[in-house]
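Colleague: give me a model of this one.
(chains A, B and C)
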Amino acid sequence: MSTVTETHRSAARPPEFEDTHESIRILGFWIFLTTDVVLFGSLFSVYAVFRNRVALGPTPHQLFAMGPVLAETLILLTSTFTCSLSLYAARSDKLKGAVAWLTATLLLGASFVFLEIREFVGDVRAGHTWHQSAFLSGFFTLVGTHGSHVTVGIAWAIMLVLQLMSRGLTVTNRRKLYTFTLYWHFLDIVWIFLFTVVYLLGIA
Amino acid sequence: MDIQRHLPPPEPTGHGDEVEVRILTPHIAQPHFPAMQVTGYGLSLAITLIAFAMVAYHWMGLNTLVTVLIVMAFIQGALQLGIFMHLREAKGTLWHLPVLALALFIGLGIVGFSMWIMLFKSGVS
Amino acid sequence: MTMNPWITHLMKRLFPPQVLLPDIIGIDIGLTVAAIAAIVFLTKTKRWGWLWREWITTVDHKKIGIMYLLAALVMLFRGGVDALMIRTQLIAPHQHFMSAQQYDEVFTTHGTVMIFFMAMPMVFALFNVAVPLMIGARDVAFPRLNAISFWLFAFGAILLNISFSIGGSPDAGWMSYPPYSELMFNPGVGENYFLLSLQVAGIGTIATGINFLVTVLRLRAPGMTLTRIPIFAWSALITSSLILFAFPPLTVALGLTMLDRIFGASFFTLGHQGMPMMYANLFWIFGHPEVYILIMPAFGVFSEVVPTFSKKPLFGYEAMVVSLLAISILSYGTWVHHFFEMGAGPGVNSFFGLSTMLIAIPTGVKMFNWIFTMWGGRIRVSVPMLWQLGFIPTFVVGGATGVMLAAVPADYQYHNSYFLIAHFHNVILGGTVFGVLSGMYYWWPKMFGWKLNERQGVWAFVFFVVGFWLTFMPQYFLGFQGMTRRMSTYPPGLGWTALNFWSTIGAYVMGVGFLIMVYNIIWSRIHPDWDTTGDPWDGRTMEWSLPSPAPEYNFARIPHVHSRDEWWEMKQEGRTDEVKISEETVHAIHMPRNTPMPVLLALAFFVGSIGMVFEWFWLAILGGLGVVAALTYGSFADYSEKEISRDTILHTEAQLGRVES
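Modeller: Numbers count the residues shown, from 1 in each chain, chains lettered A, B, ... in the order given. From the prediction side, this is the model:
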């Protein structure tokens, strides 16, 4: 297999892995993401247990409007694609490309959050606050936790764009971009499960 | 694997830079065209739209649908992990893989066991 | 005379009747006087700058470890005083030393402080002090994150500890089960304190888990392969992996309760189809691995102490590692044994009863391994070894009663009785606390450069262990006789009186043991028995190859490890001069600079948490902005490392006699 020759040809490694300190930070970030896996697992378990505890509030079927949710999903899938292109550009040493794709990512992320907030505001305006039932509490918290993660990601991306523009493709910035893409793709995976478990199974 | 047998064991460099578990050997590649990314994006879109259509047009009975949808979500998640998240990139051993596997095991365990424990009958609160 | 109604309202909120008891006001005055005395002392001796530079902004794992240790000892005192108050109340029937409300607050604080703010930091103290030195590293993987973890723990501890004098203590037990912890039954701010303080400390704990996992995986010295890692470092690795996946469910459980209480959600409420038992489910998904988070490091300490004081390599190293791994995996699958009585059905209860019993097997393996390590060894009974010898019988009794509790039908009888109380004190006090105290005596010279007096240490041990058995053995029988936990008082004539009396006497004997330990520390500080060799116990692992205390950079030259007990082998083969450096082999060392960011970040968390506790959302937002500001600063700051020059290293090492001439 070619893997062995790859690892011994250390010059082929991108700078974020060439540098021991930065590669350790990448491992640390991976470990952080694994804790987030369990965090979302716990929230999913709450949602799954509370799904039919609707009290006097709406059922999932009555609550969800699939149009905006499908739009949110497509936006997030596209953002995860642009995010991977940003890293690809950085690895090809194209600073402008990296910044441009990263900016596209954060704008797509912002529109995702906007749509989600609009959905939530609509629900609350219709009287469906999370006080109404355990199901609504679980729904808002699970989806809201994902949304707040995306919001944090946007803030991070803005800082990253600033740092890329002021400091260029330094090893540290490459590592930060790499960990950002890990974070963003991870949130996309969480959304895939949210989309399936909460929305698709909610109206099925 | 033949090549590996003939290579001398790598000199330990410290800071965990050497591969300590052979199946956790990293692999890094950067092709000239981001073909993997484009493929991954296309597959993701396709799976999402098919799943959506299955629900919107009631292609199958509810129980089958639930199973199929969840399986599709796992496939799509695996695609994201494999294509976009550079699972096999690291310096030294791929230590994040066993930790991630443990996290998935425990995360799924929490969901599955919680449902088993807490949904035994709807009357308990 | 009329007071501004706004101020009246504020004063009532800050000082409700439950904090205006005479004894609490007395403690408030005492603490204020102590704080003023400390400030005056620091100002008079001009030590503020020293405190800031050397301790508050430090990122050195050795100093952070010492701060964890001191904080943990203070918390041990506080939790211990709570315990004595509980036992004083129960010494005889119909005692009203405290009101029922105050009793509830005291046992809640006792449990919370002992688990989260005494045992956890004690464990982290030992990790910080020993792990990097054992594996041949200059620091942990993320030194700044390490400082952030410590300060989050410290401010979390402060948050919980001020509750009794400002706003009122939590009173729903250390598990804080809803619905009692919900707003409907518990309208004060006490529960908010509980939720926020554990949340803040919990973030720090997860960060510590990430830190030590990566440290042990990536920072080992060359040659230290997976099968050469000292068992204590293995236990740090596995404990960290337990922390990673145990704490997120706690975060969720606490977070959702907070949403219920402060923002009107309906998770664990009685109305709106909320489900209080779901909290119990989430809490114990955390809670069961948590007890293994506490005990694994103790196992690790004993696996270092026993070989050292038996002058034999550890028996069954591989079995030790495998059993640690097995325990860690199994511990995730046992949590329902904390609420069998919910009645989830025979299938669920059988599964979790069985998985609980299974854990006894790898634990038994470890017991036999320690005993076989001692078998035929040249045993020296020093204080660390004494604690190990005390641990074996207590932990075996605790483990055996644990298996009794795991038998589901029997558990319907034992559940929440004093039998349970005795069981978990047997394993947590007799396991974790004995373990960390053993580790404290063992690594004390490495931390401070002087040994603790042996004779006094023996006396502290004797009082503590005798007190321990006297306290908890009667409690098993109290459980059999039907005494349930958390009773604030009891009537005479139930056959409980004599047992409770002796249990209380035992608690006071343990308290005397603690006081002797404090005396031991202070006396030894005044009459230091300097450890000039760096190897006071004739140790086996790499930390004993360093001077005591180790210099800032730990290893002037990173060692090359050839075997499991590397330092022991070096001594046997007469290669100890290998640790010395010479003009040719020394290089400049880069170390991270001190930074105030961690303490400021934690302070912002503290301020925001106060805002959440009292539902002053402007203050919560202010704290949140502070967190964002600190993180932004941390992202943009220039973290160029400081260089320790060759000359400095040569000079330092020469003074320690570690330069080859």
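
Colleague: contact residues of chain A facing chain C?
Modeller: Applying Cβ under 8 Å from any Cβ of the partner chain, we find that chain A lies next to chain C at A:24-25, A:27-28, A:31-32, A:34-36, A:38-39, A:41-43, A:45-46, A:49-50, A:53-57, A:129-138, A:140-141, A:155, A:159, A:163. No exception for glycine: its C-beta is placed from N, CA and C like everyone else's.

Colleague: quick check: which of those residues are also close to chain B?
Modeller: Filtering the residues of chain A next to chain C for neighbours of chain B using Cβ under 8 Å from any Cβ leaves A:24, A:27, A:31, A:34-35, A:38, A:41-42, A:45-46, A:49.

Colleague: what helix or strand does C:Y639 sit in?
Modeller: Using DSSP states H and E, C:Y639 sits within no helix or strand.

Colleague: for it, which residues are in contact?
Modeller: Contact partners of C:Y639, counting by Cβ atoms under 8 Å, 6 or more residues apart in numbering or on different chains, are C:144, C:592-593, C:595.

Colleague: which of the residues you listed fall within strands?
Modeller: Using DSSP state E, no member of the contacts of C:Y639 falls within strands.

Colleague: just the buried ones from those residues, in ChimeraX syntax?
Modeller: Entered in ChimeraX, the line below selects the buried ones among the contacts of C:Y639, by 16 or more other Cβ atoms under 10 Å in any protein chain shown:
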select /C:144,592,595
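
Colleague: now, the most widely separated pair of the contacts of C:Y639?
Modeller: C:R144 and C:R593 (9.4 Å; Cβ to Cβ).

Colleague: for residue 78, grab the count of nearby residues.
Modeller: Chain wasn't specified; assuming chain A. 17 (other Cβ atoms under 10 Å in any protein chain shown).

Colleague: my bad, the chain I had in mind was chain B
Modeller: There are 12 residues near B:A78, going by other Cβ under 10 Å.

Colleague: now the closest residue to chain A within chain B. Nearest residue, chain neighbours left out?
Modeller: Of chain B, the residue with the smallest distance to chain A, taken as Cβ to the nearest Cβ, is B:G107 at 3.0 Å. Nearest non-adjacent residue to B:G107, counting by Cβ to Cβ, 6 or more residues apart in numbering or on different chains: A:G41, 3.0 Å away.

Colleague: which helices and strands sit right next to the helix or strand the one you found falls within?
Modeller: Using DSSP H and E, A:G41 sits in helix A:20-50. Here helix A:20-50 touches helix A:15-18, helix A:134-167, helix A:171-193, helix B:96-118, helix C:190-218, helix C:231-263, helix C:276-310, going by 3 or more Cβ pairs under 8 Å, 6 or more residues apart in numbering or on different chains; DSSP states H and E.

Colleague: looking at chain B, which helix or strand is least sure?
Modeller: Here the helix or strand of chain B ranked lowest by mean pLDDT, DSSP states H and E is helix B:2-6, holding a mean of 42.

Colleague: hang on, A:G57 packs against A:H128?
Modeller: Yes: contact criterion Cβ atoms under 8 Å: A:G57 and A:H128 qualify, at 6.0 Å.

Colleague: burial of the closest residue to B:S114 other than its chain neighbours, as a residue count?
Modeller: Leaving aside its chain neighbours, B:S114 sits nearest to A:S45 (3.8 Å; criterion: Cβ to Cβ, 6+ apart). When counting by other Cβ under 10 Å, one arrives at 29 neighbours for A:S45.

Colleague: now the strands for the stretch 551-661 of chain C?
Modeller: Listed in chain order, the strands of the stretch 551-661 of chain C (DSSP state E, counting those that start in this stretch) span C:589-591, C:642-644.

Colleague: who's in contact with the last one?
Modeller: In other words, strand C:642-644. So strand C:642-644 is in contact with C:552-553, C:588-593, going by Cβ under 8 Å, 6+ apart.

Colleague: make it 10 Å
Modeller: Residues from elsewhere that reach strand C:642-644 (Cβ atoms under 10 Å, 6 or more residues apart in numbering or on different chains): C:551-553, C:556, C:587-594, C:652.

Colleague: partner strands of it and their direction?
Modeller: When sheet partners are counted by DSSP bridges, strand C:642-644 sits next to strand C:589-591 (antiparallel).

Colleague: got the buried residues for the strand it pairs with?
Modeller: Going by neighbour count (16+ other Cβ under 10 Å), the buried part of strand C:589-591 is C:589, C:591.

Colleague: show residues contacting it.
Modeller: So strand C:589-591 is contacted by A:21, C:59-60, C:138-139, C:143, C:551-558, C:640-646, C:648-649 (Cβ under 10 Å, 6+ apart).

Colleague: just the buried residues of those residues.
Modeller: C:59-60, C:138-139, C:143, C:551-558, C:644, C:649.

Colleague: least confident of the helices and strands packed on helix A:20-50, on average?
Modeller: When these are ranked by mean pLDDT, helix A:15-18 comes last with a mean of 85.

Colleague: OK, contacts around the closest residue to A:H131 other than its chain neighbours?
Modeller: Nearest non-adjacent residue to A:H131, counting by Cβ to Cβ, 6+ apart: C:G264, 4.7 Å away. Residues in contact with C:G264, defined by Cβ under 10 Å, 6+ apart, are A:129-131, A:137, C:183.

Colleague: for C:F617, grab the count of nearby residues.
Modeller: Neighbourhood size, C:F617 [other Cβ under 10 Å]: 12.
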